[in-house]
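>>> the amino acid sequence is not available; the structure is as follows:
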């Protein structure tokens, strides 16, 4: 499987030709930047020089993304997103995918992607600089995917119904058996480990509340998704660092990155997950306004039969689901922030 130092001009020329991106001309030079990494992958920026007859159709800045061996499945899922899912959306808010390849025997895979850094900031604005208007711009981009995928027949396909792993799986709207298995894992493994680590910091009442939430989820979520309506495509891990912010919004839009966690589910989850870690008072000041903006956007995007009450009900389920990843992450401040959100939306009522 290719590594950054093996990406020569001739290799890249051949790959671009095979993928249909380079009908004429060739790559003259490849300059490798400094590698960086994330939880799932390694990234190497590459600066490309083309022959004069290539024109402006290809990016001069691209990036090699190599998935870690234990995230191999996520790499395959992200390839499904680019091959099949993004194609349903006109001008999807994502970077261009130039190339993908994998080797199942060694559990290695790579992408060659547009490097958004020349046109986008990869670090989000901090504090109140992350304005309500910016949240609304993100919602507009979320809706490009969710409106197009709302109750789509393809959501019944194997790519959406098969079981998945990781801390973000509980919101996955799969079969009842799969949801039951997720809940069993949280009861038998994740919650006991979380309780053991924080037994001195958290009262037993809080730990019992988490257990009741898992038990309630095992009943409530299959009932909700069993209606087979109001389901759509989720990014699944839409935090601020999985968004690229345009330096010039008049020329470029927001981009979402890292699509290996896509899944079907209730659309409110992406918004709920995005705002959950705001400082609690600030979150409270904007949360309902943003939810109304989201619901209005669905209606304007052609979604019907999904009332405001339906939206609020789904948001409360999303708030409950937001608790579950924190048990795996074992980050107490994050858990406490999301527990405040749980209480603000009176999710205890759902446990009765």
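Happy to help now that I have it. What you see is a predicted model; the values in this text were computed from it and never measured. Residues are numbered from 1 along each chain as shown.
>>> contacts only, for residue 177.
For residue 177, the contact set (C-beta atoms under 8 Å, 6 or more residues apart in numbering) is empty. Any C-beta I mention is one placed from the backbone N, CA and C, and that applies to glycine too.
>>> what do you get for residue 209?
By C-beta under 8 Å, 6+ apart, residue 209 lies in contact with 348, 351.
>>> okay, the nearest residue to residue 334 once chain neighbours are set aside: pLDDT?
In space, and not counting its chain neighbours, residue 334 is closest to residue 326: 5.1 Å by C-beta to C-beta, 6 or more residues apart in numbering. Looking at residue 326, its pLDDT stands at 97.
>>> in a helix, residue 326, correct?
Yes: applying DSSP: H, G, I helix; E, B strand; the rest coil, one finds residue 326 inside a helix.
>>> for the stretch 1-150 of the chain, which segments count as helices?
Under the criterion DSSP state H, counting those that start in this stretch, helices of the stretch 1-150 of the chain are mapped to 9-18, 72-80, 132-149.
>>> ok, now the stretch 251-352 of the chain?
So, for the stretch 251-352 of the chain - with DSSP H, counting those that start in this stretch - the helices run 268-275, 280-300, 308-329, 332-344.
>>> in terms of secondary structure, what does the last one contact?
In this case it means helix 332-344. helix 280-300, helix 308-329 (3 or more C-beta pairs under 8 Å, 6 or more residues apart in numbering; DSSP states H and E).
>>> okay, the angle between it and helix 308-329?
Between the axes of helix 332-344 and helix 308-329, defined by axes from the mean of the first three to the mean of the last three C-alpha atoms, to 10 degrees, the angle is 160 degrees.
>>> where in the stretch 251-352 of the chain is pLDDT low?
For the stretch 251-352 of the chain, no stretch has pLDDT under 70.
>>> rewinding a little: ok, which of the helices and strands packed on helix 332-344 comes nearest residue 176?
helix 308-329 (15.6 Å; C-beta to C-beta).
>>> so how far is that closest one off the chain centroid?
Its chain's C-alpha centre and that of helix 308-329 lie 15 Å apart, by C-alpha atoms, centre = their mean, to the nearest Å.
>>> follow-up on the earlier one: separation between the residue nearest to residue 334 and residue 115?
Distance, residue 326 to residue 115, using C-beta to C-beta, to the nearest Å: 32 Å.
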